[in-house]
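Asks: Sequence and predicted structure are below.
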Amino acid sequence: MDMAMQSASDLSRPAHPMPEGASITPAGQQPNEEPSLAVRNNGGVAPSTAPAPAGRRDAVLVLGFGGPEGPADVMPFLENVTRGRGIPRERLEAVAEHYHHFGGVSPINEQNEALIAALEAELETAGIDLPVYWGNRNWAPYVEDAWRQMADDGIEHAYVLATSAYASFSGCRQYHEDVARARVALESDPGAPAGPTAEKLPHYFDAPGFVQANADALAVALGQLPAELRDGARLVATAHSIPNAMADVAGPQGHAYEAELQRAAQLVVDAAAPGRSFDLVWQSRSGPPSVPWLEPDVNDHLRALAENGEQAVVVFPVGFISDHLEVIWDLDNEAKETAEELGLAFARAATAGTHAAFVRSLRELLAERRAGGEPRLGTNCPAFCCFVQRPARPAA
């Protein structure tokens, strides 16, 4: 999610955050209700350990959040993000100013386009003839339109690549719901062709290429500090905060979101700076102060480091896959300003983006599933994995 997404979710005071790749519960379904059959079946097909049938027309669907492409898009986009929540227009207008500060354009769409182009090139180089489609939740190209296009093109099975590497309701479960919503939209049209079956690719937080991309970026960031500060600089991994209630039900492995982030950050540090310790902290919190979220916030943590006598810090946003607004605002502006006020030398590592090793790992994940690899978490999810229970609404 980018910076203005954070503000939009804060406006609506949702029980679930909306990080990059987050979604909204399908219309008509309350968060404590049983998901649709399409959701329970991971988008319409149980993951298989058998190789993809010869001759089946497969495709890749890159599934993202979406973002405005210009000033005229900002308000309609924010209305999409907060639809059904009854947010006063004046509150939306206040959030819109964050986007207008950046010309009304979020970089998230351009970054997804770059990732798609890199993946297409990687597939072509590997001799894999698969088309790549793109669908978003909140702005064009919408996932429903991408699903219809795949159906029109005769695609029989889609491998869904979500732009989030980790577990959690917002980071994984709601992608399944996006697919379910697109399938329902197509099936409700009696004149539409049959749509593809689908499966989401598994979590890739520990994929070798994702780790390498982040490790390379961390090494570069360390090199940006004055030489005399590099060895003692504190390494700080960041990720999107989520409510404690969500973290408590993050999947069959317990606190999967935190555990996956700890694992990813450890792998990155082991590769870039062996033997050094690191801290995992949080950013981009939204929602009312009365609701507990994962802490500490990165800015609070920087203050604590300065009080303890630290002189330099390198922040690496391992919880995100690209440098969208949330990264460049929360870290390059707010966290950097906090560090400057405290007298801390500061460097921020890049995200995986289109790093060649990361793109190669995505191709390898796809090949693993097409070859009938054993389904893993993110693809083979239990019915209520990462599903956050909330009190039912009072009867009318």
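Replies: All right, it came through fine.
Asks: for stretch 266-276, which positions count as buried?
Replies: For stretch 266-276, burial by neighbour count (16 or more other C-beta atoms under 10 Å) applies to Gln266, Leu267, Val268, Val269, Ala271, Ala272, Ala273. (Each C-beta comes from the backbone N, C-alpha and C, glycine too.)
Asks: In strands, which of those fall?
Replies: Members of the buried residues of stretch 266-276 lying in strands (criterion: DSSP state E): none.
Asks: tell me which of those is nearest to Gln111?
Replies: Nearest to Gln111 among these, counting by C-beta to C-beta, is Val268 at 20.1 Å.
Asks: which residue packs closest to the closest one, ignoring adjacent ones?
Replies: Spatially, and ignoring its direct neighbours in sequence, Val268 is nearest to Asn214 (4.5 Å; C-beta to C-beta, 6 or more residues apart in numbering).
Asks: In this structure the one you found contacts Ser361, no?
Replies: No - checked against C-beta atoms under 8 Å, the pair Asn214 and Ser361 is beyond contact range at 11.5 Å.
Asks: List the beta-bridge partners for Thr238.
Replies: The partner list for Thr238 in beta bridges (DSSP bridges) reads Val281.
Asks: what about it, distance to Ala117?
Replies: 27 Å (C-beta to C-beta, to the nearest Å).
Asks: In terms of neighbours, single out the busier of the two.
Replies: The neighbour count for Thr238 versus Ala117, taken as other C-beta atoms under 10 Å, is higher for Thr238 (28 against 13).
Asks: The more buried one touches Glu326, doesn't it?
Replies: No - counting by C-beta under 8 Å, Thr238 does not reach Glu326; the two are 10.3 Å apart.
Asks: Now the common contact residues for those two.
Replies: The contact sets of Thr238 and Glu326 overlap at Gln283 (C-beta atoms under 8 Å, 6 or more residues apart in numbering).
Asks: For the residue nearest to the spatial centre of the chain, pull up the helix or strand it's in.
Replies: The chain has Ser164 as the residue nearest its centroid, 3.0 Å off, counting by C-alpha atoms, centre = their mean. Per DSSP states H and E, Ser164 falls between elements, in no helix or strand.
Asks: Please apply the same query to Ala158.
Replies: Going by DSSP H and E, Ala158 is part of strand 157-162.
Asks: what helices or strands is that strand leaning on?
Replies: strand 58-64, helix 174-187, strand 197-200, helix 356-370 (3 or more C-beta pairs under 8 Å, 6 or more residues apart in numbering; DSSP states H and E).
Asks: do you know which of these lies nearest Thr379?
Replies: Short answer: strand 197-200, nearest of those by C-beta to C-beta, at 5.6 Å.
Asks: Comparing Asn214 and Ser361, which residue is more hemmed in?
Replies: More neighbours surround Asn214 than the other of Asn214 and Ser361, with 30 against 22 (other C-beta under 10 Å).
Asks: got the contact list for that one?
Replies: Residues near Asn214 by C-beta under 8 Å, 6+ apart: Ala264, Val268, Ala272, Phe316, Val318, Ala349, Thr351, Ala352.
Asks: top of those by neighbour count?
Replies: Val318 (31 neighbours).
Asks: does that one count as helix, strand or coil?
Replies: At Val318 the chain is in coil, as set by DSSP: H, G, I helix; E, B strand; the rest coil.
Asks: how near is the closest residue in space to Ala72 that isn't next to it in sequence to Glu97?
Replies: Among residues not flanking Ala72 along the chain, Gly104 sits closest, at 7.4 Å (C-beta to C-beta, 6+ apart). Gly104 is 10 Å from Glu97, where distance means C-beta to C-beta.
Asks: Who has more neighbours out of the two?
Replies: With neighbours defined as other C-beta under 10 Å, Gly104 and Glu97 compare such that Gly104 has more, 17 against 11.
Asks: ok, that one to Phe320 distance?
Replies: For Gly104, the distance to Phe320 - C-beta to C-beta - is 22 Å.
Asks: Repeat that for Met150.
Replies: 27 Å.
Asks: more crowded one of the two?
Replies: More crowded of Met150 and Phe320, by other C-beta under 10 Å: Phe320, with 28 against 25.
Asks: which ones are touching that one?
Replies: Each residue near Phe320 by C-beta under 8 Å, 6+ apart is listed here: Glu20, Ala239, His240, Glu326, Val327, Thr351.
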